[in-house]
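Peer 1: Please find the sequence and the predicted model below.
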Amino acid sequence: MVAPARAPLRTDRLRAVNEPRTVTVELHESGLMKVGRLGGRSVGNVEAILESWRIDDEWWRQPISRSYLELLLEGGKRVVVFQDLMTGLWFMQQP
Amino acid sequence: MSRRPTSSLAACVWVPLFPLRCEEARHEGLSAYPTALLAPDTTRKLWQVSPLARHAGVKPGMTVSQAIGLCPTLRLIEPDPVHYDERFSHLLSALSEVSPVVEPGELGLAYVGTDGLEGIFGSPGKILEAIRRTVGQSDGRTVRLGWGFGKFVAWVAASRSKPDEAVIVPVGSERKFLASQPIAVLPLDTDIHRRLRQLNIRTLGALAAIPEAAVTAQFGDVGKRLWRLAASRIAEPVAGRVTLEPIVVALTFFTPVSERELLVHSLEQLIARALNHPRRIGWRVHAVRLRADLEGGDVSENAGRGAACCAPTNRSWLVNVILKDPTADGDRIAAPLKVRLDQSPPTGAVERLVLEFTAFAPGTAELQLFARDAAAAARAGQQRALHHAAREVRMRVKRANLYHVIEVQPWSRLPERRYALIDYEP
């Protein structure tokens, strides 16, 4: 009988899921809010902010402070972005 | 269906951490590392933990992240319940060579009835040696053996034994032997265990010293049974597996058939009917017989039985197949029969085709955990399909981009901490 190809899984083969992706969020004087990717590609114009919340965690080691926004884009797509309040950078992530 | 054979004298065969041992057997060198088996359910927590991992503080029931935190070199293994079922079936088959009375317990645990075996092997020690020799090829290094009157005494003896030293409890000394054993050997739930410890009852002797009525009043029927086990008032015999009567299905053709395609199609229909037979549920098929009454022959009920293949006055055709791995999968049963149909087809047109399942293997006892045979068969089919799909992906893209999602910190407020991907290699 041929041994199956399954091999024990090493912990160094774990891959993160749903890692935040860097995005740009621009707010124009007209009030238009745009979300874009780093390469300059647009994700979309924001039609409405559906919800906002904040996460502050792990203050005892590497403090994490995020301000989340759930956005409704033109065309009906919903995305969740957050601003890392420690660095000021914006990220997109599945909730 | 025949009656289940029983035996009062019992040998207990126990391979602790059986699934983990199965993995170590097929991955050379794995035992040198701290390893843990993931749970086969959806929780993705740890199920079984090797002694090295336990030494590092890793325990069953932990999440992957907790375990990795304690032991960064931990090797995680995806469970393969079908493989463990098969290995356990092999173990039971091997044991049935020593005694006809074999009762499977949970995975890795089996009882062998030894009534009457003294005449063949000699003393209980010799019987256990025969059992060790039988299972020795695969599990010899890890098997624990105990012998006594009734299953419980045999189990406690096995749990006290060492890999190279069986424990034998002479008949009549059960109570003395049990008295010093910890209550943990009883089939207790955690609540009763905790309450007994709070009452400072730590050994079976201490429990047996309390009046039966008092224990029953505290713990009900469960307590009554526990007391009786502790006091050696009951000795449950080993109940052998039931030998099923053959399942027979037949198809009579309006006009005799000689085309291979039609015969194959009929064969598949018969296999499906036989697999759906109520008596087959819970059992995997181990031996199959296919026979055909040929045109112009005597189509009496006994035609084709025995070695009457192609006899001039009783024209028939017969094929017997023993399946290497018992299965409840129609395709796997059909495959060797189709080969025989190609290699030595019936010598005339077939009037009647009869399929018999003549021997069975139990769906093994993991069955409390993984459900009985239908589920096991479904799982085996799913595993095979995944295996084929994964192989195809590997062929097309040169590497397997297949992953399994596991829970890491499902409670985390940070979405990226909740789950992780781990390479999936079915």
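Peer 2: Yep, it's here.

Peer 1: Name the single longest strand found in chain A.
Peer 2: strand A:42-57 (DSSP state E).

Peer 1: elements contacting that strand?
Peer 2: Using 3 or more Cβ pairs under 8 Å, 6 or more residues apart in numbering or on different chains; DSSP states H and E as the contact criterion, the secondary-structure elements in contact with strand A:42-57 are strand A:33-37, strand A:64-73, strand A:78-84. All C-beta spots, glycine's among them, are computed from the backbone N, C-alpha and C.

Peer 1: report the angle between the axes of it and strand A:33-37?
Peer 2: What separates the directions of strand A:42-57 and strand A:33-37 is an angle of 90 degrees, with axes from the mean of the first three to the mean of the last three Cα atoms, to 10 degrees.

Peer 1: CA atoms only: put strand A:42-57 into CSV for me.
Peer 2: Extracted in CSV, the C-alpha atoms of strand A:42-57 (Å, rounded to 0.1, in the frame of the first residue of the first chain):
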residue,chain,number,x,y,z
SER,A,42,-9.4,53.4,-6.9
VAL,A,43,-11.5,51.1,-4.8
GLY,A,44,-14.5,53.5,-5.0
ASN,A,45,-16.1,56.7,-3.9
VAL,A,46,-17.8,56.5,-0.5
GLU,A,47,-21.6,57.1,-0.5
ALA,A,48,-22.3,56.6,3.1
ILE,A,49,-20.6,55.7,6.4
LEU,A,50,-22.7,52.9,7.8
GLU,A,51,-21.0,52.3,11.1
SER,A,52,-18.0,53.2,13.1
TRP,A,53,-16.3,51.6,16.0
ARG,A,54,-12.9,51.6,17.8
ILE,A,55,-10.7,48.9,19.0
ASP,A,56,-8.0,49.5,21.7
ASP,A,57,-6.2,46.4,22.7
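
Peer 1: Make CSV out of the helices and strands packed on strand A:42-57 and add distance to chain B.
Peer 2: Compiled in CSV, the helices and strands packed on strand A:42-57 are given as follows (distance: least, Cβ to the nearest Cβ, whole Å):
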stretch, distance to chain B
strand A:33-37, 18
strand A:64-73, 7
strand A:78-84, 9
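
Peer 1: of all the ones you listed, which has the lowest average per-residue confidence?
Peer 2: Between those, the one with the least mean pLDDT is strand A:33-37; it has a mean of 89.

Peer 1: Output the contacting helices and strands for that strand.
Peer 2: For strand A:33-37, the packing partners by 3+ Cβ pairs under 8 Å, 6+ apart are strand A:21-27, strand A:42-57, strand A:64-73.

Peer 1: Which positions within the first one qualify as buried?
Peer 2: Of the residues in strand A:21-27, those with enough neighbours to count as buried (16 or more other Cβ atoms under 10 Å in any protein chain shown) are A:Val23, A:Val25.

Peer 1: So, low pLDDT: which residues of chain B?
Peer 2: The model of chain B has pLDDT under 70 over residues B:1-4, B:41-43, B:82, B:137-141, B:242-244, B:296-315, B:362-381, B:384, B:398-400, B:425-426.

Peer 1: Might you enumerate the residues of it proximal to chain A?
Peer 2: Proximity of chain B to chain A is confined to B:23, B:26-27, B:30, B:33, B:35, B:64, B:68, B:72-78, B:80, B:83, B:387, B:403, B:405-406, B:408, B:413-416, B:418-423, B:425-426 under the rule Cβ under 8 Å from any Cβ of the partner chain.

Peer 1: I'd say B:Ala94 and B:Arg133 touch.
Peer 2: No: here B:Ala94 does not reach B:Arg133: they are 9.9 Å apart, not a contact under Cβ atoms under 8 Å.

Peer 1: which SS state does B:Val222 fall under?
Peer 2: helix (DSSP: H, G, I helix; E, B strand; the rest coil).

Peer 1: hang on, isn't it packed against B:Asp191?
Peer 2: No: using Cβ under 8 Å, B:Val222 makes no contact with B:Asp191, being 10.2 Å away.

Peer 1: These two: who's more crowded?
Peer 2: B:Val222 (15 against 9; other Cβ atoms under 10 Å in any protein chain shown).

Peer 1: List the residues that contact the more buried one.
Peer 2: If a contact means Cβ atoms under 8 Å, 6 or more residues apart in numbering or on different chains, then B:Val222 has B:Ile192 as its contacts.

Peer 1: Then A:Val43?
Peer 2: A:Val23, A:Val35, A:Gly36, A:Arg37, A:Leu73, A:Val79, A:Met92.

Peer 1: For chain A, which helix or strand comes out least confident on mean pLDDT?
Peer 2: With mean pLDDT, DSSP states H and E as the measure, the helix or strand of chain A carrying the lowest mean pLDDT is strand A:9-10 (a mean of 54).

Peer 1: After it, which helix or strand is next? Please name it.
Peer 2: Sequence-wise, the next helix or strand downstream of strand A:9-10 (DSSP states H and E) is strand A:15-16.

Peer 1: Report the mean per-residue pLDDT for that following strand.
Peer 2: For strand A:15-16, mean pLDDT rounds to 81.

Peer 1: Other residues contacting that strand?
Peer 2: Contacts for strand A:15-16 (Cβ under 8 Å, 6+ apart): B:Tyr403, B:Glu416, B:Ala420, B:Leu421, B:Ile422.

Peer 1: Am I right that the first one is in contact with B:Ala390?
Peer 2: In this case it means B:Tyr403. No: under the criterion of Cβ under 8 Å, B:Tyr403 is not in contact with B:Ala390, lying 11.2 Å apart.

Peer 1: That concludes my questions; thank you for your assistance.
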